[in-house]
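Participant: Sequence and computational prediction follow.
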Amino acid sequence: MKVCSSLADLGHNVRLWTLGSDPGMEWDVIAKHYGVGKQFTMKWIADLPWPRGWWYSLRAVRAARRWRADLYYVWPYQAAALASRMGLPTLLELHDRPQGRMGPILFRRFLLGGGARRVVITTEALLDWVREFYDGLLDPPSTVVAPNGVDLERYRNLPDPEQARQLLDLPDQLTAGYTGHLYRGRGLDLMLELASSYPEVNFLWVGGEQEAVDRWRARIEELGLENVQLLGFLPNEELPMVQASCDVLLMPYERQIQVSSGGDTAAYASPMKVFEYLAAGRAIIASDLPVIREILNDSNSMLLPADDAAAWIGALRTLMFDPGQRGWLAAHAREDASQYSWKARAERALEGLKLDR
């Protein structure tokens, strides 16, 4: 959704074919849910239970061909392979290694097809992996590293933490926040240790499916922690103000990070919260993982070992009692965020792209 909106913002005529049935929602509702600005056309396509993704991808590619698309900007490997084999100019966005039995086969067929034009890759670590296993197949298409981004305009003129908490009716005390999924590998147990160590700090968790929220809420009650608030899922449009209400933003990724599919992306992920945290202009404490260091550094965040609870407890204590350091980190974070707008990312993804052989 962010990519399509940013492409439309560049002046392109964008049409998204997405999996599922039309929910019948107005654009304003969709825009609030995903936190997107520029409107584009959306079309829904149902899939068959088996083989998963093929029917949807075939229908989407055929619909785009009837529409006479100039470029097929795709995420599913099935659609990439089909479009490329049909000789249609295709750009594939890659967020992780090709998985399973079919992933590598479909990726190779995309690369060898007559329509392959570009691979957009989200991290340098993932690019290194792809080059190692697919050396000689990536030129053409050319590859571009384009990390995920942030809507900078939504983070401009945010109030200070005290004012934001007042506007959101949150407790008037130093607040450490986390926004994102509640999957395994997100460091949630570590955040409970922090909450136990600092009862005077309010810990704000935002995100997660309702089942996960209920499970963690029960765990928090069992531990007797009264300083952890779980707000559950919020529309993306509301995240900037919630993040602004925090004095410190936490990103305690573990060495294995689970995503919705169950896979581990710790070595290759480009989490959207990294860019949102930077744009929020708050002090950040994050796990010191190599892929995270592609964006964060010792000037815009405090980077700590993922499995060292004592280090996290000490770092939070330092920031609690040193507003000067919080401000210094926040200023550098806000400055560094300026290079990661979604619009700039879209420009980079398309830069120099040749649609004809």
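Facilitator: That came through fine. Residues are numbered from 1 along each chain as shown.

Participant: right, and Tyr178 touches Leu192 too?
Facilitator: No: contact between Tyr178 and Leu192 fails when scored by Cβ atoms under 8 Å: they sit 11.1 Å apart. Using the backbone N, CA and C atoms, a C-beta is placed for each residue, glycine as well.

Participant: Looking at the two now, which is surrounded by more residues?
Facilitator: More crowded of Tyr178 and Leu192, by other Cβ atoms under 10 Å: Tyr178, with 24 against 17.

Participant: contacting residues around the more buried one?
Facilitator: Residues near Tyr178 by Cβ atoms under 8 Å, 6 or more residues apart in numbering: Arg186, Met191, Phe203, Leu204, Trp205, Val206, Gly207, Leu249, Leu250, Met251, Pro252.

Participant: one more time with 7 Å, if that's ok
Facilitator: Going by Cβ atoms under 7 Å, 6 or more residues apart in numbering, Tyr178 touches Met191, Trp205, Leu250.

Participant: and of those residues, the nearest to Ala310?
Facilitator: Nearest to Ala310, judged by Cβ to Cβ, of those is Met191 at 14.6 Å.

Participant: Based on its surroundings, how many neighbours for that closest one?
Facilitator: By other Cβ under 10 Å, neighbour count at Met191 equals 20.

Participant: repeat for Arg65
Facilitator: When neighbours are defined as other Cβ under 10 Å, Arg65 has 13 of them.

Participant: Walking through the stretch 51-200 of the chain, point out its helices one by one.
Facilitator: Secondary structure of the stretch 51-200 of the chain (DSSP state H, counting those that start in this stretch): helices at 54-66, 77-85, 102-112, 124-133, 161-168, 188-197.

Participant: Quick one: the contacts of Tyr178 as JSON lines, columns for distance to Ala333 and pLDDT too.
Facilitator: Listed next are the contacts of Tyr178 as JSON lines, based on distance: Cβ to Cβ, whole Å; pLDDT from 0 to 100:
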{"residue": "Met191", "distance to Ala333": "20", "pLDDT": "97"}
{"residue": "Trp205", "distance to Ala333": "21", "pLDDT": "98"}
{"residue": "Leu250", "distance to Ala333": "14", "pLDDT": "98"}
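
Participant: Please enumerate the helices of the stretch 201-350 of the chain.
Facilitator: 210-223, 239-244, 272-280, 309-320, 323-337, 342-350.

Participant: Which positions within the fourth one qualify as buried?
Facilitator: Under the neighbour-count criterion of 16 or more other Cβ atoms under 10 Å, helix 309-320 has Ala309, Trp312, Ile313, Ala315, Leu316, Leu319, Met320 buried.

Participant: closest to Ala83 among these?
Facilitator: Trp312 (45.6 Å).

Participant: Which pLDDT value does the model give that closest one?
Facilitator: Looking at Trp312, its pLDDT reads 98.

Participant: Just give the nearest non-adjacent residue to it, would you?
Facilitator: Leaving aside its chain neighbours, Trp312 sits nearest to Leu304 (5.7 Å; criterion: Cβ to Cβ, 6 or more residues apart in numbering).

Participant: ok, the one you found - contacts?
Facilitator: The contact partners of Leu304, by Cβ under 7 Å, 6+ apart, come to Ile285, Ser287, Asp288, Ala311, Trp312, Ala315.

Participant: and the gap between the last one and Leu192?
Facilitator: Read it as Ala315. Distance, Ala315 to Leu192, using Cβ to Cβ, to the nearest Å: 16 Å.

Participant: Then the second one?
Facilitator: Summarising the geometry, the distance separating Ser287 from Leu192, computed by Cβ to Cβ, is 16 Å.

Participant: count of neighbours near the closest residue to Glu335 other than its chain neighbours?
Facilitator: Among residues not flanking Glu335 along the chain, Asn300 sits closest, at 7.8 Å (Cβ to Cβ, 6+ apart). Residues lying near Asn300 (other Cβ under 10 Å) number 23.

Participant: Pull the contacting residues for Phe40.
Facilitator: Under the criterion of Cβ under 7 Å, 6+ apart, the contact list for Phe40 reads Cys4, Ser5, Ala8, Val14, Arg15, Leu16.

Participant: Can you flag which of those belong to strands?
Facilitator: Arg15, Leu16 (DSSP state E).

Participant: Tell me the one among the contacts of Phe40 nearest to Ser338.
Facilitator: Closest to Ser338, out of all of these and judged by Cβ to Cβ, is Ser5, at 19.1 Å.

Participant: you'd agree that closest one is up against Lys38?
Facilitator: Yes: with contact defined as Cβ atoms under 7 Å, Ser5 reaches Lys38; the gap is 4.9 Å.

Participant: Of these two, give the one with the bigger neighbour count.
Facilitator: Ser5 (22 against 17).

Participant: which residue packs closest to the more buried one, ignoring adjacent ones?
Facilitator: Distances taken as Cβ to Cβ, 6+ apart place Val36 nearest to Ser5, at 3.9 Å, with adjacent residues excluded.

Participant: can you check Leu106 too?
Facilitator: Tyr77 (3.8 Å).
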